[in-house]
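Trainee: When you get a sec, could you give me coordinates for this:
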Amino acid sequence: MPQRPGEPGDRRGGKTRAGRPEPGPAAKWGSVARHGVRALQGSDEPDSATDAWRDAVVRAKGSSVSWEPDEVWVADPTDTTPPPVTPRRRGDGASGHRRSVPAPVVEELSAVAGSQRGSKLSARLADATHAYDRERYQEARRLLRPLVDEAPESAAVQELYGLTLYRGGQWSLAAKHLEIFRQISGSTDQHPVLADCYRALKRYERAEELWDELREASPSGDPVAEGRIVAAGCRADQGNLSGAIALLERSAKRVHRPQDRHLRQWYTLADLYERAGDLPRARELFTRIDTAEPDAFDVRARLRALR
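Mentor: Residues are numbered from 1 along each chain as shown. All right, here's what the predicted structure looks like:
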């Protein structure tokens, strides 16, 4: 079941069938990265916007991945790069091999810390990724903190640490490290997450700047969709419902096979219509979501409330 877009800091809710945390109240739809690690890992059931990289660390500086999953915090295309082989350790029910990270990440850490040290840091980063993948964010943070100190120039380390802090609702620190990732890598992959941090901090001008950068960079459709949701949330937070609606109305067109990004934008727009008092349009969009994916979000409850 696709997740309902959620507001930064909202940790309430149950689990989706994919095991990802589900946001709480219906009106809280502005979040991005809270769609869970599956979106970030490029799994067979991705989640959303910042799913612009297949693995939580595969986006090392200079690496290139294209993908397009079917359910996406942003994932839409199908990645043409095979996922890295990640053997399990003892205690994970497999052989005694240690977990591993993609070769570009190992190369980056070796360039930053030297070949011998880089290999050890890569193993630690693999353990942190494993913890993050299982939503053990405190453990991931504990593992990542020394890596940030030792390899501050690693895009992969800064990115995963920033996302881990984001998952813990530490908006200011998350923004700091995701900004470092952005500067090192030149990537817009995490712009929706970064903008969501600034939205939570009420730094709306900076969030809008990131939205402009993301839009101009024209990456795959899912990051742009999540960025648009966050930008609309910024405007709505400031009482500009008409501006938020205008930003999302172009996403309201019908598509033959709607993906998660379409459902999320439709839900957000429907919620805005309802808040603005345009109940017929809200009902039409909620009905469209219900037709495409009856179990999506809390759409059935929203429709009942509009009768």
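Trainee: make it CA atoms for all contacts and neighbour counts henceforth
Mentor: OK.
Trainee: Could I get the buried residue list for the longest helix anywhere in the chain?
Mentor: In the chain, with assignment by DSSP state H, the single longest helix is helix 115-133. Of all the residues in helix 115-133, those buried under the rule 16 or more other Cα atoms under 10 Å are 118-119, 121-133.
Trainee: Relative to residue 142, which of the residues you listed is nearest.
Mentor: Within the buried residues of helix 115-133, the smallest distance to residue 142 is 8.3 Å, found for residue 128 (Cα to Cα).
Trainee: Find the nearest non-adjacent residue to the closest one, please.
Mentor: Distances taken as Cα to Cα, 6 or more residues apart in numbering put residue 140 closest to residue 128, at 4.6 Å, once the chain neighbours are dropped.
Trainee: any idea how far the one you found lies from residue 125?
Mentor: Taking Cα to Cα, to the nearest Å as the measure, residue 140 falls 9 Å from residue 125.
Trainee: do the same with residue 160
Mentor: For residue 160 relative to residue 125 (Cα to Cα), the value is 9 Å.
Trainee: Also residue 162?
Mentor: 14 Å.
Trainee: re the thing from before, can you give me the neighbour number for the residue nearest to residue 128?
Mentor: 24 (other Cα atoms under 10 Å).
Trainee: Helices of this protein, start to end?
Mentor: Ranges of helices in the chain, per DSSP H, are 37-41, 103-113, 115-133, 137-150, 155-167, 171-185, 191-200, 204-217, 221-237, 241-248, 260-276, 279-292, 299-305.
Trainee: export the ones you listed to a markdown table and tack on mean pLDDT and distance to residue 254?
Mentor: Converted to a markdown table, these look like this (pLDDT from 0 to 100; distance: least, Cα to Cα, whole Å):
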| stretch | mean pLDDT | distance to residue 254 |
| --- | --- | --- |
| helix 37-41 | 29 | 24 |
| helix 103-113 | 89 | 40 |
| helix 115-133 | 91 | 34 |
| helix 137-150 | 96 | 38 |
| helix 155-167 | 96 | 33 |
| helix 171-185 | 96 | 34 |
| helix 191-200 | 96 | 24 |
| helix 204-217 | 95 | 21 |
| helix 221-237 | 94 | 15 |
| helix 241-248 | 96 | 13 |
| helix 260-276 | 95 | 9 |
| helix 279-292 | 95 | 9 |
| helix 299-305 | 93 | 17 |
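Trainee: which residue packs closest to residue 281, ignoring adjacent ones?
Mentor: Nearest one to residue 281, counting by Cα to Cα, 6+ apart, is residue 273 at 6.5 Å.
Trainee: Just give me the neighbour total for that neighbour.
Mentor: 21.
Trainee: Might one say that residue 281 is in contact with residue 269?
Mentor: No: Residue 281 lies out of contact with residue 269 (Cα atoms under 8 Å); the separation is 9.1 Å.
Trainee: With adjacent residues omitted, what lies nearest to residue 184?
Mentor: Per Cα to Cα, 6+ apart, closest to residue 184 is residue 155, 5.9 Å.
Trainee: Tell me the spacing between the one you found and residue 180.
Mentor: 8 Å.
Trainee: Neighbour count: the two, which is higher?
Mentor: Set residue 155 next to residue 180 and count neighbours by other Cα under 10 Å: residue 155 wins out with 30 against 19.
Trainee: Give the closest residue to residue 290 in space, chain neighbours not counted.
Mentor: residue 299 (6.3 Å).
Trainee: Give me the buried stretch members for stretch 267-282, please.
Mentor: In terms of neighbour count (16+ other Cα under 10 Å), stretch 267-282 has its buried residues at 267-274, 279, 281-282.
Trainee: follow-up on the earlier one: what sits against the residue nearest to residue 128?
Mentor: Residues counted as contacts of residue 140 (Cα atoms under 8 Å, 6 or more residues apart in numbering) are 127-129, 131-132, 164.
Trainee: And residue 238, by the same measure?
Mentor: If you count contacts by Cα under 8 Å, 6+ apart, residue 238 has none.
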